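Asks: have a look at this prediction, sequence included:
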Amino acid sequence: MDVYGLIGNPVGHSLSPPMHEAGYDALGIDAKYVTFEPPANEGAAAVAAADRLGVAGLNVTIPFKQDVLEAVETDDLAARIGAVNTIDLTGETPQGYNTDAVGAVRALDHHDVALDGTAVVVGAGGAGRAVAFGLADEGMAVEIANRTASKADDLAAEVPGAGGHGLDALGDLLSGADVLVNCTSVGMDEDATPVPAEALHADLAVLDAVYSPIETRLLRDAAAAGATTVDGAWMLLYQGVEAFERWTGESAPVDAMNEVLRAAL
């Protein structure tokens with residue numbers, strides 16, 4: 001039996017175990033997905049311990065996505081993002097990847113969103129970094145808006161061709177945009193949105209990385225404006241799908257994994 005897992009703190013709320021095990025069951029793979037909750041600042045040590053125990057792969061969540069960098073060899077994308085959320089432990093050296101970027105791209109692609117033109121990414125934290133690099137790699141022109149404009153400027157300096165802005169620029173940015181991705185936590189704990197409703201329009205595709213609640217105020221506003229809407233569970237699903245496929249070498253049973261994920265939300 002292969003063992004895969006998640007390291008984070010806390011991890012009790014994670015939806016990854018049922019989602020991944022649904023995938024194993026659907027394909028008849030003899031595998032188990034478990035969770036590990038090491039103390040803060042012990043991410044790298046946890047990776048080394050899992051490797052010694054024969055764990056085949058790990059997902060990584062808060063607060064360890066940067067800590068584990070010292071314990072793995074990263075691919076180019078994870079190195080540019082500066083964070084790892086998926087580790088393959090089957091080789092001589094742990095290999096680190098970031099599937100958050102691919103998760104956003106595949107979520108948009110699933111909804112037939114063309115990844116050309118201009119994308120506006122709200123938020124310059126970890127998720128914002130991943131999505132900005134992912135969309136830029138697809139050939140989109142990326143504009144980053146953040147509450148602290150200097151952080152948007154710093155990220156934009158790393159993403160080819162990107163621009164950095166404060167949130168007050170969203171009205172102008174969105175008027176000519178094709179894709180909007182909210183990578184902040186606004187909307188998770190309150191019925192709020194970082195984007196003015198009047199800035200949304202029918203030619204826009206809107207992905208909200210927040211998945212609890214599944215229908216955020218931003219998505220309600222976007223639907224009312226006639227925009228294409230993509231809820232955060234799709235990004236969560238596809239980052240897991242990407243990890244599943246890296247680990248197993250199999251095409252993930254997306255429908256089975258999605259059904260279990262949404263039932264758990």
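Replies: All right, it came through fine. Numbering: from 1, shown residues only.
Asks: Asp153: how many residues sit nearby?
Replies: With neighbours defined by other Cβ atoms under 10 Å, the count for Asp153 comes to 17. Glycine gets a C-beta too; all of them are placed from N, C-alpha and C.
Asks: now it: which helix or strand?
Replies: helix 149-156 (DSSP states H and E).
Asks: next one: that helix to chain centre, how far?
Replies: Between the mean C-alpha location of helix 149-156 and the chain-wide mean there is a distance of 20 Å, by Cα atoms, centre = their mean, to the nearest Å.
Asks: what sits up against the following helix or strand past that helix?
Replies: Toward the C-terminus, helix 149-156 is succeeded by strand 163-166 as the next helix or strand (DSSP H and E). By Cβ atoms under 8 Å, 6 or more residues apart in numbering, the surrounding residues in contact with strand 163-166 are 124, 142-157, 173.
Asks: with adjacent residues omitted, what lies nearest to the most centrally placed residue in the chain?
Replies: Most central in the chain under Cα atoms, centre = their mean is Asp100, positioned 3.0 Å from the mean C-alpha point. Spatial nearest neighbour of Asp100, excluding adjacent residues (Cβ to Cβ, 6 or more residues apart in numbering): Ala130 at 3.8 Å.
Asks: Thr148: neighbour count?
Replies: 11.
Asks: then Ala202?
Replies: By the other Cβ under 10 Å criterion, the neighbourhood of Ala202 contains 9 residues.
Asks: helix, strand or coil for it?
Replies: In the three-state summary, Ala202 is assigned as coil, counting by DSSP: H, G, I helix; E, B strand; the rest coil.
Asks: hang on, it packs against Ala224?
Replies: No. Taking contact to mean Cβ atoms under 8 Å, the distance of 10.3 Å between Ala202 and Ala224 leaves them out of contact.
Asks: quick one, helices of the stretch 101-250 of the chain?
Replies: In the stretch 101-250 of the chain, helices defined by DSSP state H, counting those that start in this stretch lie at 126-137, 149-156, 170-175, 217-224, 232-248, listed in chain order.
Asks: how near is the closest residue to Thr248 other than its chain neighbours to Asp2?
Replies: For Thr248, the nearest residue in space outside its immediate sequence neighbours is Ile29; the separation is 6.2 Å by Cβ to Cβ, 6+ apart. Taking Cβ to Cβ, to the nearest Å as the measure, Ile29 falls 7 Å from Asp2.
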